[in-house]
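**Q** output the structure for:
(chains A and B)
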Amino acid sequence: GNSVTQMEGPVTLSEEAFLTINCTYTATGYPSLFWYVQYPGEGLQLLLKATKADDKGSNKGFEATYRKETTSFHLEKGSVQVSDSAVYFCALSALADRGSTLGRLYFGRGTQLTVWP
Amino acid sequence: KAGVTQTPRYLIKTRGQQVTLSCSPISGHRSVSWYQQTPGQGLQFLFEYFSETQRNKGNFPGRFSGRQFSNSRSEMNVSTLELGDSALYLCASSQQGPQETQYFGPGTRLLVL
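**A** All right, here's what the predicted structure looks like:
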């Protein structure tokens, strides 16, 4: 089946520290991979995506590389800011179970990031 | 382009009542998906509609239903509310389906007392 596992939070960092949030997946076929971010009281915002192996998604200083050999899509940022404090969700879009041609998003449990000044 | 909008943003209901939530997708998007977000279960897929047809359904009881109109707007309905239905309900839209990038609305926060 399809599933996403991401590191448990919360993660607490000082401003300008390096961030890594681990994400691994299992999937049927060739999924697309996403990172979404959720700020308090809001919906999900797409942060970045990658649609095939070795693709690197990047946005606002965040990066993630689609690694098929390790089934991973780890999120990184070289220097976090207080404004990056949020919950981060790793997700994949793949075929639904039982070989359906329809897709849906599968989410990890989310990682709470708090950045202190 | 306007983003995905959801109404109402907040709702308080009591057990046994029913509720209808509305979602207007981004203009030109024909696929609308619904997700339930709770602290205990995380983000769970409810269903997906495309061109007024339900194409995919998650593992929720029949009390949860939805529909999509010809203008792609979608509604979801929960009947006979239970305390455990308290959650943030998120709607997402895309042009053709969830295999593409989905764009999420701000959600409707439902509290069942």
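
**Q** bridge partners for A:T20, pull those for me.
**A** For A:T20, the beta-bridge partners under DSSP bridges are A:E76.

**Q** surely it touches A:S72?
**A** No: contact between A:T20 and A:S72 fails when scored by CB atoms under 8 Å: they sit 11.1 Å apart. From N, CA and C alone the C-beta is placed, and that goes for glycine too.

**Q** what comes up buried for the helix or strand of chain B with the lowest mean pLDDT?
**A** Lowest by mean pLDDT, DSSP states H and E among the helices and strands of chain B is strand B:53-57, with a mean of 90. Buried residues in strand B:53-57, defined by neighbour count with 16 or more other CB atoms under 10 Å in any protein chain shown: B:R55, B:N56, B:K57.

**Q** circling back: have a look at A:T20 and A:S72 and say which one is more surrounded.
**A** Just comparing A:T20 and A:S72: by other CB atoms under 10 Å in any protein chain shown the higher neighbour count belongs to A:S72, 17 against 10.

**Q** show me what contacts the more buried one?
**A** Taking CB atoms under 8 Å, 6 or more residues apart in numbering or on different chains as the criterion, A:S72 is in contact with A:N22, A:C23, A:T24, A:Y25.

**Q** let me see the ranges of the strands in chain B.
**A** If you assign secondary structure with DSSP state E, the strands in chain B sit at B:5-7, B:10-13, B:19-24, B:31-38, B:42-50, B:53-57, B:64-68, B:74-78, B:87-94, B:103-104, B:108-112.

**Q** make TSV out of those and add distance to chain A.
**A** Written out in TSV, the entries for those read as follows (distance: least, CB to the nearest CB, whole Å):
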stretch	distance to chain A
strand B:5-7	8
strand B:10-13	10
strand B:19-24	11
strand B:31-38	7
strand B:42-50	4
strand B:53-57	5
strand B:64-68	14
strand B:74-78	15
strand B:87-94	6
strand B:103-104	4
strand B:108-112	9
